[in-house]
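Participant: Generate coordinates for the sequence data below:
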Amino acid sequence: MNFKIYHNEENGQFEILEGEHKAEIVYRISEGNFYIMHTGVPKEIASQGIGEALALHALKYGQKLGLQIVIYCPFVKAWAKKNTDWRSLEYEI
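Facilitator: Numbers count the residues shown, from 1 in each chain. This next block holds a predicted model:
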């Protein structure tokens, strides 16, 4: 499923709006690293692939910037481990 993903640079996050609900993935950039901090998808719009779309978008964005990607978010960490293209990333607790 294709989603319109908005880049909210001021808050360091990517967002998907579905009706009155907003899903987001929060990132931070520091010292040459792209940190994926948190993914939030309201239960009303869960199980539609929104989290996966945000995770992929954020990972590709960090890669495009040429930064080392560090994942703190448990959802993205689990998703990346299941996807061969992203298994080699650095994972943090």
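Participant: got the contact list for the residue most central in space within the chain?
Facilitator: The geometric centre of the chain, computed from its C-alpha atoms, lies nearest to A55 (C-alpha atoms, centre = their mean), at 3.2 Å. Going by C-beta atoms under 8 Å, 6 or more residues apart in numbering, A55 touches 25, 36, 39, 75-76, 79-80. Heads up, the C-betas are built off the backbone N, CA and C, glycines and all.
Participant: ok, the residue nearest to E44 when sequence neighbours are not counted to G12 distance?
Facilitator: Leaving out its chain neighbours, the residue that sits closest to E44 by C-beta to C-beta, 6 or more residues apart in numbering is H21, at 5.4 Å. According to C-beta to C-beta, to the nearest Å, H21 stands 20 Å off from G12.
Participant: Buried residues, the strand or helix carrying V26. List them.
Facilitator: In the assignment (DSSP states H and E), V26 maps to strand 21-30. Of the residues in strand 21-30, those buried by neighbour count under the rule 16 or more other C-beta atoms under 10 Å are 22-27.
Participant: now those residues as CSV including distance to W86 and pLDDT?
Facilitator: CSV is the format used below for the buried residues of strand 21-30 (distance: C-beta to C-beta, whole Å; pLDDT from 0 to 100):
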residue, distance to W86, pLDDT
K22, 25, 97
A23, 20, 97
E24, 20, 98
I25, 14, 98
V26, 18, 98
Y27, 15, 97
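Participant: ok, so of these, who is nearest N2?
Facilitator: Closest approach to N2 among the buried residues of strand 21-30 (C-beta to C-beta): A23, at 14.4 Å.
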